[in-house]
Each structure stands twice: as structure tokens, then as C-alpha cells.
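Undergrad: Build the 3D model from these lines:
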Amino acid sequence: MLLNNMTPRVFVAATRQNDGKTTTSLGLLAALQRRCGRVGYIKPVGQRFVEIDEQKIDEDSVLMDRVFRLNCPLVDMSPIAVEPDFTRRYLQNANLDALIKRIHKAFDRVAWEKEFVLIEGTGHAGVGSVFDLSNATVAKILDSKVIIVSRGGIGLPIDEVTMNRALFEAEGVEVIGVILNKVLPEQIGHITEFARRGLKRKGLELLGVIPHQSILSRPTVDLIREELDATVLAGATRIHNVVQSMVIGAMGAANLAKRLQTGTLLVCPADRDDVLAVAADLSASNRVQLAGVILSDDIMPSPAVEKLVRQFACPVLLAPADSYHVASRVHDLTVKTRPDDTQKIGLIQDLIGKHVDLDRILAALPPPRSPMPQAA
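TA: Model prediction:
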């Protein structure tokens with residue numbers, strides 16, 4: 001099967017997980033839509049997926065489809081989902097040719113009548129090597145040049161970019177440049193200057209430096225609800241509140257009042273009437289705009305507490321775990337942008353539009369090619 005060789009494309013990779021690859025892809029898609037018109041998206045190999053119509057679809061593909069309405073079949077935007085037993089089954093009965101054909105067919109359908117396709121990788125360049133589909137290999141399979149996203153800094157990012165680039169070059173894949181993400185705003189000038197110098201010594205372009213925005217790493221109450229399998233008792237219309245801080249209600253009510261601030265998530269059992277009364281009063285009077293309240297330990301609220309719950313001007317959840325485990329899971333939560341995070345999505349698109357040089361990216365890619373001649 002001959003791969004589509006006409007539609008321009010770029011592969012977005014990263015030096016590690018959670019370096020901002022999906023954030024960058026989301027912003028680039030918005031910029032590419034404004035510049036190119038019809039744009040396709042594909043994440044050939046995905047590790048975090050949801051089931052839609054009995055198909056396992058990568059979460060990032062769902063995000064892009066919901067945000068951009070790309071008019072691409074979801075199953076083609078996410079052709080390979082790495083299930084828990086995927087690697088074991090592959091090592092028992094390798095079927096690389098079949099997987100490559102699946103990726104080729106999916107790409108061709110995603111690229112149909114599109115002016116550009118953005119390809120998103122999974123983790124660093126070597127992820128997927130165990131089943132012969134590393135990011136470097138997939139970029140080669142799709143005949144794509146690569147952008148590497150790394151965290152802000154100078155020494156460590158350049159070291160990691162160099163290591164990842166070696167894997168791409170071993171597959172004959174060109175890395176056109178680097179985007180540094182999560183750079184402290186006060187260090188933008190310094191890091192831009194010296195990272196550009198360091199990358200230039202390696203023959204690489206600095207394509208963008210994205211300032212850190214704390215809101216992008218903060219979870220919403222809805223994400224926490226999903227993680228805890230919690231029940232919404234009240235305030236569902238504000239379920240997308242962003243959590244800035246967390247307080248466990250294991251102290252006296254007077255001391256608690258001093259710790260509650262706008263954006264705070266309060267965690268406490270439903271039998272702490274004193275704590276909840278103080279928090280409800282602060283929330284109802286708008287003196288403190290809480291992000292949310294989690295009633296822990298699966299203790300059903302009493303009639304008195306139910307009355308307090310209705311006074312909160314924020315979502316109130318009931319979780320089965322105790323306060324300590326709720327707080328631990330919230331603290332360790334990996335924050336991913338979700339389709340309903342409209343505030344975050346708007347910010348991401350603005351950041352990438354302002355701080356990434358799309359002209360330089362497009363100039364480094366081959367122009368659209370003429371259709372391949374058909375056999376007589």
C-alpha cells in the first residue's frame with residue numbers, strides 16, 4: 001500500500017511524558033486551522049483511551065475531535081490503542097506489518113481532503129520500541145519530520161533533546177526544531193537566548209518558548225470527581241471550577257476559616273457539621289469562592305448537613321475514600337486537558353499562537369506534493 005505523500009504533515013514528539021506535547025498539539029492545531037484551513041489529526045499509538053461505540057479511542061484524539069470538529073473518523077484518529085495485554089500479545093505473535101498497514105490506512109483517511117495533518121506521538125522517542133512502533137519508527141512510517149517538545153530550562157532540555165534526536169536520526173527522520181514548555185515568565189528572555197545558542201550548536205532551531213501558566217496544571221473539580229468516582233450532591237453547574245489549593249477539614253472551625261481561600265477544595269467527612277457550617281457561610285456570602293467541597297469516608301450527610309450543602313456556591317461531592325486517601329489522590333493526579341475545559345483551551349491556543357513560530361515550522365516542511373501518477 002502506498003502512503004499519501006501529498007499532504008504536508010508534522011510529528012509532535014516530547015522528551016518525556018507530561019512535558020506538554022498534547023498542549024502544544026492543541027495550540028498548533030488551532031493555529032494551523034487559521035492558516036491552512038482543513039486540518040487532520042492522528043495519534044497513531046495511544047496509551048490512555050476511552051471506549052466509544054465499542055472502539056478504544058485515545059483520550060487526546062477525543063479531545064481534538066471535540067474541540068476542533070475535524071471531520072475525521074475517531075477510529076482513524078486513534079488506530080492503535082495499547083491495552084494492558086497488548087505488548088504481551090505482540091511478543092507472542094508479532095504482527096508488525098498488519099499494524100503498519102493499519103496506521104497507513106488511518107493516516108490516509110485522516111488526510112483525505114485536508115491541507116495539513118498534525119501527528120501526535122506518545123512520550124519520548126523510544127516509547128513503543130518493545131512492539132516495534134517507537135515514536136521514531138512511526139514518524140518514519142508516516143514520512144514525517146518532527147518537532148520535539150521539552151520542559152523549560154537550558155542544560156537538561158538540550159541533553160534530553162539530543163538523546164531523543166539520536167533515536168529519530170537512527171530511523172532517518174529529521175527533527176526540524178524544539179519547543180520549550182513551562183518556562184517561568186521571569187526567565188523567558190534568559191532561557192530563550194541561551195537555549196537558542198545551545199540548540200544552534202546542535203544544528204537545531206528553537207521554534208518557541210511557552211511561559212508557564214499554573215492554571216494548566218491545576219485540576220478541575222470534574223476531573224477529581226472522575227478520579228475518585230465521586231457522586232455530585234450539589235453545584236453541578238460549577239463542576240468545571242479550577243482547584244488552586246486543597247485543605248483537609250481536620251481542625252477547629254475557627255482555624256479552618258483562616259485557611260479557606262478562593263479556589264480552595266475542602267475535604268472533610270460529612271459528620272463535621274462545625275467545619276461545614278463555617279465553610280458554607282463563607283461560600284454563600286461570597287466572601288470566599290471555594291472551588292468545591294468533597295465529603296469523604298462515604299458518610300451520607302445528615303438532614304442538617306444536607307441543608308448546609310444547599311448553601312454552598314460550589315460543587316459538593318461525596319467520595320467513598322477517607323480524607324487522607326482523597327487528598328493523596330488529588331495531590332498525585334496527572335492533569336490532562338479535557339474537552340470541557342474551555343478556559344484552559346482558550347489560554348492554550350492563545351499561548352501557542354503568541355509564542356510558537358508557525359512560519360518557521362511551515363518553512364521547514366516540504367511543500368504539498370503533486371498526486372502520484374497512477375499505473376496505466
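Undergrad: Now do the domain split for this structure, please.
TA: Listed by automatic domain parsing, the domain ranges of the chain are 9-215+337-363, 219-331.
Undergrad: ok, of those domains, where does mean pLDDT dip lowest?
TA: Mean pLDDT per stretch puts domain 219-331 lowest among the domains of the chain, at a mean of 90.
Undergrad: picking up where we left off before, between the domains of the chain, which one is nearest to Leu3?
TA: Leu3 sits nearest to domain 9-215+337-363 of all the domains of the chain, at 5.3 Å, using CB to CB. Using the backbone N, CA and C atoms, a C-beta is placed for each residue, glycine as well.
Undergrad: And the helices in the stretch 1-150 of the chain, which stretches?
TA: Assignment of helices within the stretch 1-150 of the chain using DSSP state H, counting those that start in this stretch yields the ranges 21-36, 59-68, 74-77, 86-92, 96-111, 135-141.
Undergrad: Surely His124 and Ala136 touch.
TA: No - contact criterion CB atoms under 8 Å: His124 and Ala136 do not qualify, at 9.6 Å.
Undergrad: So if I had to pick from these two, which one is more boxed in?
TA: It is Ala136, of His124 and Ala136, that has more neighbours when counted by other CB atoms under 10 Å, with 29 against 23.
Undergrad: Check the contact between that one and Ala166; I expect there is one.
TA: No - the pair Ala136 and Ala166 fails to qualify as a contact (CB under 8 Å) at a distance of 9.3 Å.
Undergrad: picking up where we left off before, could I get the domains of the chain as JSON lines with distance to Leu3?
TA: Putting those into JSON lines (distance: least, CB to CB, whole Å) gives the following:
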{"stretch": "domain 9-215+337-363", "distance to Leu3": "5"}
{"stretch": "domain 219-331", "distance to Leu3": "37"}
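Undergrad: Is it correct that Val267 is in contact with Ser328?
TA: No - Val267 lies out of contact with Ser328 (CB under 8 Å); the separation is 10.4 Å.
Undergrad: So for these two, which residue has more residues nearby?
TA: The neighbour count for Val267 versus Ser328, taken as other CB under 10 Å, is higher for Val267 (25 against 12).
Undergrad: Could you measure from the more buried one over to Val316?
TA: Distance, Val267 to Val316, using CB to CB, to the nearest Å: 11 Å.
Undergrad: Quick check: phi and psi at Cys268.
TA: The phi/psi pair for Cys268 (degrees, to the nearest 10) reads phi -160, psi 160.
Undergrad: Count the residues that sit near it.
TA: 24.
Undergrad: next structured bit after the helix or strand hosting Gln343?
TA: Here Gln343 is covered by helix 342-355, with elements defined by DSSP states H and E. With elements assigned by DSSP H and E, the helix or strand that comes after helix 342-355 is helix 358-363.
Undergrad: next one: that next one to chain centre, how far?
TA: 23 Å (CA atoms, centre = their mean, to the nearest Å).
Undergrad: which SS class is Ser283?
TA: Here Ser283 is recorded as helix under DSSP: H, G, I helix; E, B strand; the rest coil.
Undergrad: thinking it is in contact with Gly292, fair?
TA: No - judged on CB under 8 Å, Ser283 makes no contact with Gly292 at a distance of 9.9 Å.
Undergrad: Quickly list what's touching both of the two.
TA: Common neighbours of Ser283 and Gly292 (criterion: CB atoms under 8 Å, 6 or more residues apart in numbering): Cys314.
Undergrad: Have a look at the two and say which one is more surrounded.
TA: The neighbour comparison of Ser283 against Gly292 (other CB under 10 Å) goes to Gly292, with 29 against 24.
Undergrad: show me what contacts Ala284?
TA: Residues counted as contacts of Ala284 (CB under 8 Å, 6+ apart) are Gln311, Phe312, Ala313.
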